[in-house]
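>>> structure for the following, please:
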Amino acid sequence: MSAPVHFFMGQIEQESSCDESATAFDGGMGLGQFMPQTAKQMHTKYKELQEFDFNPYDPRWNIRAMILYDKELYDNLPCVGWYFAFRAYNGGLGSLKKEIASAHSCNKTEVEKCCKRKIIKLKNGSLLDMCRVNIEYPKLILKRSKKYEPYVHH
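Numbering: from 1, shown residues only. Sure thing, here's the model as predicted:
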């Protein structure tokens, strides 16, 4: 896969703060914060993951799964680019495809305007706008990835 490796490093930092034992409030597991059902599907689908016991907290499994899933999303979107692949990773391929279809465009701003996601009330009482979270996700990855770029050999 010819992809900027530093993006994946930024994604791991964004997802789990590089903590392989991280479990999110919504059930996301490990470095790439895989949801349980997605992790099971990925393990069944890819022989590259079956080389290891099914354990989303194993960094070897999780990093491979994250990159395989990123590629799958990148290849299955009507709009090209890591911005869209990362949004699909964070908020679901189906939801993003609906937003793209509603926008009749691959213009990021137009697609963002068509975002319709839940607003979740957290335990502390604050509200979490899932559109805002999903739209900011690729931007945060790109920002975090910049510090890793000098270490990637082109």
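>>> check contacts around Leu127.
Under the criterion of CB atoms under 8 Å, 6 or more residues apart in numbering, the neighbours of Leu127 are 119-121. Quick note: C-beta positions are derived from backbone N, CA and C, even for glycine.
>>> of those, which belong to strands?
The subset of the contacts of Leu127 located in strands under the criterion DSSP state E comprises 119-121.
>>> ranking those by neighbours, who comes first?
Neighbours here are counted as other CB atoms under 10 Å. On that basis the top member of these is Ile120, with 13 neighbours.
>>> state the distance from it to Ser126.
Distance of Ile120 to Ser126, given as CB to CB, to the nearest Å: 9 Å.
>>> give me the number of residues near the residue lying closest to Asn55 once chain neighbours are set aside?
Counting by CB to CB, 6 or more residues apart in numbering, the nearest residue to Asn55 once its immediate chain neighbours are dropped is Trp61, at 5.7 Å. Trp61: 25 surrounding residues under other CB under 10 Å.
>>> for Lys97, see how far away Trp61 is.
The gap separating Trp61 from Lys97 is 27 Å, by CB to CB.
>>> just say helix, strand or coil for the residue sitting furthest away from the middle of the chain.
Each residue of the chain has a distance to the centre, and by CA atoms, centre = their mean the biggest one is for Gly125: 25.8 Å. Of the three states, Gly125 takes coil under DSSP: H, G, I helix; E, B strand; the rest coil.
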